[in-house]
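Q: next come a sequence and a model predicted from it.
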Amino acid sequence: MIPIIIIPIVTIALLFFLGIGVTTIVVPKKIRVHSIWIIPWVTITLIIFFLTLLSLLGLPVKQSMPIVTFFLLAIDVYVWIKKKLQRPAHIVQDIILTVFIIGTVFFNISPLLKTEKQLTTLSLGNNDAIVYVMSPDYLLNHSILDNFTKKPNTLKPAEASVTGLIQSSYRFGPPMITAFFLPLFDLKAYQFFTIFQAVIFALSIPLVYLVLKVLYKPSTLGLVIISILIGFNANLLYIIYHDFFGQVLFWGISLCLLIYFLFYFETEPKNSKSFTYFDAGIGFLISILFLSYHEGAIFVLAPLVILLGIRFILKKNSLKYWFSLTRIGMISIILMPFAIANGMVLGLEQAGNTGGPIGWQLFRSNIPYANPFEMLGFYSIHSFDPLPSVVAATLSSLVVLLIMIGFYHSKNKLLMLSLVIIYLGFLIWTGPIDQNFFTYNRVVTYTLPLFIVLFAIGLLEAGKKMPRQLGGYVIVALLALTLYSGIQLNKRYLREFISIDRSLISLQELHDSSIIQQPIYTEQALTGLTSLWRQMWIEYFLYPNKSLYSPFNFQASHKTKIKDGSLILLSKTSIVYPPPSILYTDTMWENQYFKLVTICNSDQCLLRRKENLSLIKFKDSSYEDSLLIDGWSLKEKDHRWTDHKTATIRFITQTDTQQMIVEVESLKQPQMMKVFINNKLAGQASLTDIPEKYTFPLGQLPGGIHKIRFEFSHTYKPTDISKSDDTRDLAADFTLIQLK
């Protein structure tokens, strides 16, 4: 419990401590007065840049991390000796922000404190955490260069997580910044990821307030409004709880860029041909953006193009801005040309495919698109049914009006207009035009920080026009709604989260065992994929010492080809679905949660068994998965569905058999079932939607191995018949199969 409390605080302190020197030197004077909350982001971006550069040269993070740390500390020492540090300008506001940062971190890691009570990774249901955990562990001891030159090992499926993040998207930023801290705390990435993601999100809150302060003016009330609207916004929390770490990092980097833009483009450039600290800083941040989350780059770069066009139309020295953008582009390309080129290509590919479900469930089936009132977090699409249309339209209109008032009272209107044009364009494209709510709600979360700033400015200005008491009531009511929606989502997170629990962590014992050398079949290699989360983390904890057959490199329909004596890793208890019931000969390793057994799978081995293998009563069966071959769905408590039009099974009889008895029902009528024994038709029956017993005469069937095949005329989806969310294609449900 103590590490869960201490590690976030120490992480935040290190991000400030390591970056204070560099910030004092490289951040332009205009921004330096606000630099206290820029410091951690200077640290983050510099670490990403230098670790990536050294990794491309062949150095793993374990070797490059001390070099980067020494470099940052040396600059700290130099600044303390040679330069005068900038004093905080608004100490009270900084204290309030510190309280919000710490509070937000612990709010978002509450399941660790209340339920898990250990350092581990959590998710509300998405599986992206594996790439953000596996990759830093890998890069700690290997370089990016190693990953590009190493041939993939098909028996180590966990490597695919690293390859996808590194070789496909070039998203080096998230794993690099995570890997940097692992040696400092002596942790594995799965122990640090959830905490670090919460820290990164919390440190973006002051940046949103800095945007408000630059666009408007310093305001303690504005700070409180911003901190609550960002820190407890249900739409943003939904992204965090689903482990989209790349996007969380994007919020901070894009906000840093926005702050630079606001200062750089607030006045006419005095010298259009000389490089400035602003050119270097913006170019550097753009290169880090492409290294970390290229999907969001268009929301940062496209507004600059719009701004150039607006200035050209208004004849406001557009040529000088063109020179500025050219210098910025040159710096970005020089720093990370391959990442920018790859990001551009992937961006063009993704533009033609806005995609579908990406790891989260449908928020709500009725009106899943967030309206402006819901976007700003006052009413959660993740927790509540839609408001009545009239109410939603009225409240949304008021929100839009306040955003417009905020725009009117903000500075640097040309840049703000450029941003709003791009943001609205994407919201309209992904919403009313393309009608893909997954993409639409991602766009919502990309654009929310700016809209919240404009709303806060509008709210502060509108409050001046209201009677003081009424204005206070309105602000309190809106903040209360935001807090309530955020807390409701957090409660859902506490109820529904999945984690790398103690059973998965216990597999480190097997990973470290030197006795087990041969490849291991995971239980889902036999059953088919039933829980992606557990399958991925089983692979994670057995990598790289053990070779595995999993659903990703082995088809469950081929399970009869598994040789006797092969190792099968079985769960001892039911977590998501009951573990498979198979026959085995020896237990090679076991602990409280798992056992590693040698399978009895061949006809010869089954013939030697003492169990009655001519009967499966699914309620009591302890060996059904050794007999079922293919066409069968997941194991359930006392029955088993077929999920294809054909299902096969093998039985072993010790004496002659004269009939087969099955107890079965169909999901829906009509349903015709044909039964084949050793490829010969034994009979057929018309099934009903209630369980019934059917007997098929077999003549005088001699003892031995017999293959039975069931063929069905139809499959049906439960979702088409009832309100079930079961989307399987099901034919028949068996409770008993017996040769007699």
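A: Noted; the coordinates are in hand.

Q: any chance you could map the strands in the stretch 351-500 of the chain?
A: Ranges of strands in the stretch 351-500 of the chain, per DSSP state E, counting those that start in this stretch, are 498-499.

Q: where does it dip in pLDDT?
A: Confidence mapping of the stretch 351-500 of the chain against pLDDT under 70 gives the ranges 351-362.

Q: run a quick neighbour tally on residue 296.
A: Other residues within reach of residue 296, judged by other Cβ atoms under 10 Å, total 24. (Glycine included, C-beta is placed from N, CA and C.)

Q: that one: what's it in contact with?
A: Residues near residue 296 by Cβ atoms under 8 Å, 6 or more residues apart in numbering: 247, 250, 254, 289, 446.

Q: quick one: the last one and residue 298 touch, right?
A: No - no contact is recorded between residue 446 and residue 298 when judged using Cβ atoms under 8 Å, the distance being 9.4 Å.

Q: which one's more surrounded, these two?
A: Just comparing residue 446 and residue 298: by other Cβ under 10 Å the higher neighbour count belongs to residue 446, 23 against 18.

Q: and the residue lying closest to the more buried one once chain neighbours are set aside, how many neighbours?
A: The shortest distance from residue 446 to any non-neighbouring residue, by Cβ to Cβ, 6 or more residues apart in numbering, is to residue 299 (5.2 Å). Residue 299: 19 surrounding residues under other Cβ under 10 Å.

Q: related to what we said a few turns ago, out of the contacts of residue 296, who has the most neighbours?
A: residue 289 (28 neighbours).

Q: OK, contacts around it?
A: Counting by Cβ under 8 Å, 6+ apart, residue 289 touches 250, 253, 254, 257, 296, 297, 300.

Q: pull the CA atoms of the helix or strand containing it into PDB?
A: Using DSSP states H and E, residue 289 maps to helix 277-292. Extracted C-alpha coordinates of helix 277-292, given in PDB (Å, rounded to 0.1, in the frame of the first residue of the first chain):
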ATOM      1  CA  TYR A 277      13.800  29.700 -29.500                       C
ATOM      2  CA  PHE A 278      10.100  29.500 -30.600                       C
ATOM      3  CA  ASP A 279      11.000  27.900 -33.900                       C
ATOM      4  CA  ALA A 280      13.300  25.400 -32.200                       C
ATOM      5  CA  GLY A 281      10.800  24.600 -29.400                       C
ATOM      6  CA  ILE A 282       7.800  24.200 -31.600                       C
ATOM      7  CA  GLY A 283       9.800  22.100 -34.100                       C
ATOM      8  CA  PHE A 284      11.100  19.900 -31.300                       C
ATOM      9  CA  LEU A 285       7.600  19.400 -29.800                       C
ATOM     10  CA  ILE A 286       6.200  18.500 -33.200                       C
ATOM     11  CA  SER A 287       8.800  15.800 -33.600                       C
ATOM     12  CA  ILE A 288       8.000  14.400 -30.200                       C
ATOM     13  CA  LEU A 289       4.300  14.400 -31.100                       C
ATOM     14  CA  PHE A 290       5.000  12.200 -34.100                       C
ATOM     15  CA  LEU A 291       7.100   9.900 -31.900                       C
ATOM     16  CA  SER A 292       4.300   9.600 -29.400                       C
END
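
Q: quick one, the helix or strand following that helix and helix 277-292 angle?
A: For helix 277-292, the succeeding helix or strand toward the C-terminus, using DSSP H and E, is helix 297-313. With axes from the mean of the first three to the mean of the last three Cα atoms, to 10 degrees defining the directions, helix 297-313 sits at 140 degrees from helix 277-292.

Q: same for helix 297-313, what does it pack against?
A: helix 245-264, helix 277-292, helix 318-335, helix 337-351, helix 413-428 (3 or more Cβ pairs under 8 Å, 6 or more residues apart in numbering; DSSP states H and E).

Q: apply 10 Å and report the result again.
A: Counting contacts by 3 or more Cβ pairs under 10 Å, 6 or more residues apart in numbering; DSSP states H and E, helix 297-313 is packed against helix 245-264, helix 277-292, helix 318-335, helix 337-351, helix 413-428, helix 437-465.

Q: could you dump those helices to CSV with distance to residue 370?
A: Listed next are these as CSV, based on distance: least, Cβ to Cβ, whole Å:
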stretch, distance to residue 370
helix 245-264, 16
helix 277-292, 25
helix 318-335, 33
helix 337-351, 22
helix 413-428, 10
helix 437-465, 6
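
Q: between these, which gets nearest to residue 59?
A: helix 277-292 (16.5 Å; Cβ to Cβ).

Q: give the contact list for residue 737.
A: 614-618, 621, 624, 627-628, 640, 649, 651, 660-664, 708, 710 (Cβ atoms under 10 Å, 6 or more residues apart in numbering).

Q: mind giving me the domain ranges of the protein?
A: Following automatic domain parsing, one finds the domains of the chain at 2-494, 505-601, 609-740.

Q: what about the longest one, how long is it end to end?
A: Domain 2-494 has an end-to-end distance of 20 Å (criterion: Cα to Cα, to the nearest Å).

Q: in strands, which of the contacts of residue 737 appear?
A: Per DSSP state E, strands hold the following members of the contacts of residue 737: 615-617, 628, 640, 649, 651, 660-664, 708, 710.

Q: in this protein, what helix or strand scores lowest on average pLDDT?
A: Ranked by mean pLDDT, DSSP states H and E, the weakest helix or strand in the chain is helix 337-351, scoring a mean of 75.

Q: secondary structure class for residue 119?
A: Here residue 119 is recorded as coil under DSSP: H, G, I helix; E, B strand; the rest coil.

Q: that concludes my questions; thank you for your assistance.
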